[in-house]
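1. Here is the input, now give the coordinates:
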Amino acid sequence: MTMTHVGGCAAPTAGIGAAEALFHSLSDGARLAIVRRLADGEARVADLVEQLGLAQSTVSKHVACLRDCHLVQGRPQGRQVFYSLARPELLDLLASAEILLAETGSAVALCPNYETGSQTTTGARDE
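-> Presented below is the predicted three-dimensional model:
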């Protein structure tokens, strides 16, 4: 599989399904934080920087990725752009993820194939 950089995020281009690309676009904590914030209403990059405590370049990069994936849309107003969620179904997906996470408890965080940032995975797991 090769990777290309489209709109600030690495997008796999071969041997990948649409579902994998969707979940890849949501796999970054900063992008998830942006999506969660935009669920409350539209915001400018400056608003996201202030509210999320991220660097302007980081927010811009991740908003571009989400926009390129058609999950976020921009509404120009004068010299500013107000971003919002492009698809309300994204909120349903996140709600379903919350339910799944509540049902599985820490099983996802303990999965040896994925590192959640709070632990280092070694491939071995205590049973």
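
2. When you work out contacts or count neighbours from here on, use the C-alpha atoms and nothing else.
-> Noted.

3. Need the phi and psi values for residue 83.
-> phi -100, psi 150 (degrees, to the nearest 10).

4. any idea of the mean pLDDT for the helix or strand containing residue 64?
-> Assigned by DSSP states H and E, residue 64 falls within helix 56-68. Across helix 56-68, the average pLDDT comes to 95.

5. Kindly report the same for stretch 25-45.
-> pLDDT averaged over stretch 25-45 gives 94.

6. Likewise for stretch 92-110?
-> For stretch 92-110, mean pLDDT is 82.

7. ranges for the strands of the chain?
-> 3-6, 9-12, 72-77, 80-85 (DSSP state E).

8. Next, the buried residues of the helix holding residue 64.
-> 59, 60, 61, 62, 63, 64, 65, 66, 67, 68 (16 or more other CA atoms under 10 Å).

9. lowest-confidence stretch among the strands of the chain?
-> Comparing mean pLDDT across the strands of the chain, the weakest is strand 3-6, with a mean of 46.

10. Tell me where the longest helix sits in this protein.
-> helix 89-104 (DSSP state H).

11. Could you list the buried residues of that helix?
-> residue 90.

12. who's in contact with stretch 47-54?
-> 33, 34, 37, 55, 56, 59 (CA atoms under 8 Å, 6 or more residues apart in numbering).

13. need the contact list for the fifth one.
-> The contact partners of residue 56, by CA under 8 Å, 6+ apart, come to 45, 46, 49.

14. which of the residues you listed lies closest to residue 77?
-> Nearest to residue 77 among the contacts of residue 56: residue 45, at 13.1 Å, using CA to CA.

15. Tell me, how many residues neighbour the closest one?
-> Here the number of neighbours of residue 45 (other CA atoms under 10 Å) works out to 20.
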